[in-house]
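> got a structure for you, letters missing:
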C-alpha cells in the first residue's frame, strides 16, 4: 500500500469512537474513500437492498446523524448503485478494483 494511504488510515483512527463508529465525516477525499470502503465491506455484493436497509447499515457505522450524506457519497463514489426512484440499492461490482490502492490488506 502506498505510504500516504497508510498515513490516512492512521489519522482515521482519531475519527472513530471506542465502539468503532465514525464520529465525524473527514474533509479529505482519501480519508472519505477509506471510510466508505469500511462501510461497503459490510454489505453483501449479491443482494438488493431497500433504502431503509442501507440506512441501517450506515447508521450502525456512524455516530452522527447524517445518514443521507454517507448514502449519497456511496452512490457518488460508485460504491452503490440504485434505481432512479431509490427503491432498490446494490453494491457495485467493481468498486474494489476502482479503489484497490485504498484497500488495506491486514
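Structure's in. What do you need? Small disclaimer: the values here were computed from a predicted structure and weren't measured.

> Now do the strands in the chain.
Secondary structure of the chain by DSSP state E: the strands cover 48-49, 80-82, 89-91.

> out of those strands, which comes closest to residue 100?
Taking C-beta to C-beta, strand 89-91 is the member of the strands of the chain nearest to residue 100, at 15.6 Å. Where you see a C-beta, it was placed from the backbone N, CA and C, and this is true even at glycine.

> For the closest one, the averaged confidence score.
Within the predicted structure, the mean pLDDT of strand 89-91 is 98.

> Quick one: the helices in this protein, in order.
Counting by DSSP state H, the chain has these helices, from start to end: 3-12, 29-40, 51-59, 67-76, 95-98.

> Contacts for the last one, please.
This points to helix 95-98. With contacts defined as C-beta atoms under 8 Å, 6 or more residues apart in numbering, helix 95-98 is touched by 37, 40, 78, 79, 103.

> In that helix, which residues are buried?
By 16 or more other C-beta atoms under 10 Å, the buried positions in helix 95-98 come out as 95, 96.

> repeat for the longest one
By neighbour count, with 16+ other C-beta under 10 Å as the criterion, the buried positions of helix 29-40 are 30, 31, 32, 33, 34, 35, 36, 37, 39, 40.

> Mind listing residues that contact it?
Against helix 29-40 from outside (C-beta under 8 Å, 6+ apart): 4-5, 8-9, 11-12, 15, 22, 25-26, 57-58, 61, 70, 73-74, 77, 79-80, 91, 95, 99, 102-103.
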